[in-house]
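>>> build me a model:
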Amino acid sequence: MRTIRVETSAATILLTEAPEPKVRDRQTGEIAKDAVSGEALMTIGVVYIEDGESSLIKVTVPEGGVSEGLTLGAPVSLQGLLARPWESVFNGQQRHSIAFRAAAVTPAAFPATMGATA
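Down below sits the predicted model:
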């Protein structure tokens, strides 16, 4: 499936779930690794706000791309955010969604216009 770059410059992205290891196999507890680098993968939860609409999404980030100083509820920046649609059949049920992956997550600042009153 095609990978789609996500333009984030007009969005506000807030951290809702702290980074935790991405589990590849829930039965064994095996941690997912990047297929190319072998680096452990982490997941974070964010709320993505743009044009007055918001979405809760999970984003996979390489462990080395997770910056220090991340705070729940605070704005973050997702460098190199990509979206990849996927589908599969599991136990006879068709499943589909969008997987999000970023090269890095770093603390950011609230936009100057956010919270301004007229």
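
>>> does residue 87 touch residue 96 like I think?
Yes: using CB atoms under 8 Å, residue 87 is in contact with residue 96, at 3.8 Å. Placement of C-beta: from N, CA and C, glycine included.

>>> break down this protein into its strands, ranges please.
Assigned strands in the chain, in chain order: 4-5, 12-21, 23-25, 30-31, 41-50, 53-62, 76-79, 82-90, 93-101, 104-107 (criterion: DSSP state E).

>>> which one of the ones you listed lies closest to residue 69?
strand 104-107 (5.0 Å; CB to CB).

>>> now for residue 59: which residues touch it?
43-46, 78, 81, 100-102, 105 (CB atoms under 8 Å, 6 or more residues apart in numbering).

>>> give me the residue at the spatial middle of this structure.
residue 59 (1.8 Å; CA atoms, centre = their mean).

>>> ok, and the closest non-adjacent residue to that residue?
Nearest non-adjacent residue to residue 59, counting by CB to CB, 6 or more residues apart in numbering: residue 100, 4.5 Å away.

>>> that neighbour and residue 83 touch, don't they?
Yes: with contacts counted by CB under 8 Å, residue 100 reaches residue 83, the gap being 5.6 Å.

>>> neighbour count: the two, which is higher?
Legend: neighbour count by other CB atoms under 10 Å for residue 100 and residue 83, higher for residue 100 (20 against 15).

>>> residues contacting that one?
6, 57-60, 81-84.

>>> again, only this time at 7 Å
The neighbours of residue 100, taking CB atoms under 7 Å, 6 or more residues apart in numbering as the test, are 57-60, 81, 83.

>>> roughly how far does it sit from residue 82?
Between residue 100 and residue 82 the computed distance is 7 Å (CB to CB, to the nearest Å).

>>> kindly report the same for residue 16.
Relative to residue 82, and taking CB to CB, residue 16 is found at 20 Å.

>>> likewise for residue 71?
24 Å.

>>> so for these two, which residue has more residues nearby?
Neighbours were counted for residue 71 and for residue 82 using other CB under 10 Å; residue 82 has more, 16 against 11.

>>> alright, I will stop here.
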